[in-house]
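Enquirer: Just need the structure, nothing else, for what follows:
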Amino acid sequence: MENLIALKDLRLNMEKYATEVKAGKSFIVLKQSKPLFKISPVEESGEWEEVADFTKIKKGGVNLDELLSRL
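Expert: Numbers count the residues shown, from 1 in each chain. The predicted model follows:
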């Protein structure tokens with residue numbers, strides 16, 4: 001069974017819940033006793049993909065206006 005927490009409790013104790021999620025726990029967040037959303041650890045399954053590395057264009061990144069002008 002998932003751990004249930006109130007939205008207000010999450011707001012007041014964010015650091016505590018962030019640590020628990022990092023350790024592998026999941027929570028269902030409730031607002032007025034109704035499920036609102038679920039928080040759970042990010043799965044390291046390789047789903048993240050590098051789309052662009054702006055440091056290869058210019059060390060320290062690139063200005064947004066400069067980037068848009070190149071498109």
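
Enquirer: Any idea how far the helix or strand bottoming out on mean pLDDT in the chain is from the middle of the chain?
Expert: The helix or strand of the chain with the poorest confidence is helix 64-70; it has a mean of 76 (mean pLDDT, DSSP states H and E). Centroid separation between helix 64-70 and its chain, computed with CA atoms, centre = their mean, to the nearest Å, is 27 Å.

Enquirer: What lies in contact with it?
Expert: The list of residues contacting helix 64-70 from outside it, by CB atoms under 8 Å, 6 or more residues apart in numbering, reads F54. In short, each C-beta sits where N, CA and C put it, glycine included.

Enquirer: Give me the phi and psi for Q32.
Expert: Backbone torsions of Q32, given as degrees, to the nearest 10, read phi 50, psi 50.

Enquirer: An error on my part: the question was meant for D9.
Expert: Torsion angles, degrees, to the nearest 10, at D9: phi -60, psi -40.

Enquirer: Could you do the one 3 residues further on as well?
Expert: According to degrees, to the nearest 10, the main-chain angles of L12 amount to phi -80, psi -20.

Enquirer: Distance of it relative to I5?
Expert: Distance, L12 to I5, by CB to CB, to the nearest Å: 10 Å.

Enquirer: what's next to the longest helix along the chain, contact-wise?
Expert: In the chain, taking DSSP state H as the definition, the longest helix is helix 14-22. Contact with helix 14-22 is made by I5, L10, F27, I39, S40, P41, as judged by CB under 8 Å, 6+ apart.

Enquirer: 7 Å instead, please
Expert: Residues outside helix 14-22 that contact it (CB atoms under 7 Å, 6 or more residues apart in numbering): L10, F27, I39, S40, P41.

Enquirer: Out of those residues, which end up buried?
Expert: L10, F27, I39 (16 or more other CB atoms under 10 Å).

Enquirer: burial measure for V21, as a count.
Expert: Other residues near V21 number 15, with proximity taken as other CB atoms under 10 Å.

Enquirer: I misspoke; the intended subject was Y17.
Expert: The number of residues packed near Y17 is 19, by other CB under 10 Å.

Enquirer: Dump the contacts of helix 14-22 into JSON lines; add distance to I57 and secondary structure as well.
Expert: JSON lines is the format used below for those (distance: CB to CB, whole Å; DSSP: H, G, I helix; E, B strand; the rest coil):
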{"residue": "L10", "distance to I57": "39", "secondary structure": "helix"}
{"residue": "F27", "distance to I57": "40", "secondary structure": "strand"}
{"residue": "I39", "distance to I57": "35", "secondary structure": "strand"}
{"residue": "S40", "distance to I57": "35", "secondary structure": "coil"}
{"residue": "P41", "distance to I57": "33", "secondary structure": "coil"}
